[in-house]
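J.: return a 3D structure for these sequence lines:
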Amino acid sequence: MAASAQGISIQLDSGTFKVLGWTPPTTAQNWSSVLVVYAGAGDVPPLAGSHAVENGILVFHPRYPISPGVQYRAVFQPSGGSKITKTFDGPPRDTTPVARVTQIYPSADVLPSNQLRLYIYFSVAMSRGEAAQHLHIVDENGKTLEGSESVLLRGEELWDATFQHLTMTFDPGRIKRDLTSNQMIGPPIAEGKRYTLIVDRDWKDARGVPMVEGFRKVYRGGPALRTPPDPKLWKVTAPNPKALAPVTIDFPAPMNYPLLMRMIRVSDGRRTIAGTIDIQRQEMQWRFTPKEPWVAGEYQLIVDTDIEDIAGNHIGQPFDYDNFDRVTERITSKTTSLRFSVR
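T.: As a prediction, this is how the structure comes out:
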């Protein structure tokens, strides 16, 4: 029922539930049985939180903030007294559009015909399970690639922990030359043709609000990239000593952006050097700037051999190659190193 006519009421004030018009007893009480708060309808468990008597008022502090769009039910039942129930609406949902596509990787305008993955970066957390509906690739005539000509594995959305970075994979069966899909349909991207990647404005963020605007990026199909990355062909430019100039690696072909950010580190032989990584030249240059000025001496660039180019080839192994090693033999990460001197 609503608040009692005796003057006792339950209020929600700045995210805290309070019982007004009632004087808590001075003896120890199990307050969690006196004031209980639920979120949503039906048989749901009570909200987690803490009870206290503050300035003579019984209060309940939820462990987590009150959520927009949720209805809360507070039940107050003192020993020997009547039950009082009151419902509250959480704060109104913010429906202001804020989501945008901030970057697409690869960032170049040319994709090899055996392109393996696309990485789409959003400005805020997005809703899941929407890619099949709101992510399209159309040909130069504006026709969506679908059905037997599908190029993306629609059921395999891979998000980072923040739900802002989405990985979409091109159908590997279209990429590997010895597989039926490749032989019958061809590669996902045809050399010389133009394609447009479209992200619909209707794609909703994690709040259920559509994006500020849609996104389009035009690509041209290029030749297949099947030569594995070879660190011997990478150009390392050493920095000047006693400065914060970066050490750089220039690659002969574009590399996988997320892997560049985490699969190369700098060591002085004793410890990993702290600093920041920056990727330039459309994923063809890796730059590392140390947190502290360089000290003259010898350094190593430690590279995980699972690092890939944009076609999924990694050091010493093209994507076309099927590796049947036992799983136990693949758990241990392997690395290679490139040396440079600061003098």
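
J.: check the gap between Glu130 and Thr96 for me.
T.: 19 Å (Cβ to Cβ, to the nearest Å). Using the backbone N, CA and C atoms, a C-beta is placed for each residue, glycine as well.

J.: correct me, but Pro241 touches Glu298?
T.: No: judged on Cβ atoms under 8 Å, Pro241 makes no contact with Glu298 at a distance of 11.9 Å.

J.: so Met261 lies in a helix, does it not?
T.: Yes: per DSSP: H, G, I helix; E, B strand; the rest coil, Met261 lies within a helix segment.

J.: in what helix or strand does the residue found closest to it once you drop the neighbours it is linked to in the chain lie?
T.: Using Cβ to Cβ, 6 or more residues apart in numbering and skipping the chain neighbours, the partner closest in space to Met261 is Ile277 (5.7 Å). Element membership for Ile277 (DSSP states H and E) is strand 275-280.

J.: would you mark the buried spots in the helix or strand following that strand?
T.: Beyond strand 275-280 in the direction of the C-terminus, DSSP H and E gives the next helix or strand as strand 285-290. Across strand 285-290, burial judged by 16 or more other Cβ atoms under 10 Å covers 285-290.

J.: before we move on, back to that, tell me the strands beside the strand holding Ile277, with direction?
T.: Sheet pairing of strand 275-280 (DSSP bridges) gives strand 285-290 (antiparallel).

J.: what's next to the strand it pairs with, contact-wise?
T.: Strand 285-290 has contacts (Cβ atoms under 8 Å, 6 or more residues apart in numbering) with 244-251, 255, 260, 264, 266, 273-280.

J.: state the mean pLDDT of it.
T.: Per-region confidence: strand 285-290 scores 98 on mean pLDDT.

J.: follow-up on the earlier one: show the contacting residues for the residue nearest to Met261.
T.: Ile277 touches 260-261, 264, 286-288, counting by Cβ under 8 Å, 6+ apart.

J.: break the chain into its domains for me.
T.: 9-89, 101-222, 231-342 (automatic domain parsing).

J.: comparing these, which gets the lowest mean pLDDT score?
T.: domain 101-222 (a mean of 85).

J.: and the end-to-end length of that domain?
T.: End-to-end span of domain 101-222 (Cα to Cα, to the nearest Å): 24 Å.

J.: buried set for stretch 298-306?
T.: 299-301, 303-305.

J.: what's the answer for stretch 242-252, then?
T.: Quick answer for stretch 242-252 (16+ other Cβ under 10 Å): 245-249, 251.

J.: run through the strands of the stretch 1-150 of the chain in chain order.
T.: Using DSSP state E, counting those that start in this stretch, the strands assigned to the stretch 1-150 of the chain run over residues 9-13, 16-20, 35-39, 49-54, 57-62, 71-76, 84-89, 101-105, 110-112, 117-122, 135-139.

J.: could I get those strands as TSV with mean neighbour count and distance to Pro187?
T.: Shown next, in TSV, are these (neighbours: other Cβ atoms under 10 Å; distance: least, Cβ to Cβ, whole Å):
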stretch	mean neighbour count	distance to Pro187
strand 9-13	17	59
strand 16-20	19	60
strand 35-39	19	51
strand 49-54	13	56
strand 57-62	18	54
strand 71-76	18	52
strand 84-89	16	54
strand 101-105	17	20
strand 110-112	21	9
strand 117-122	20	14
strand 135-139	18	13
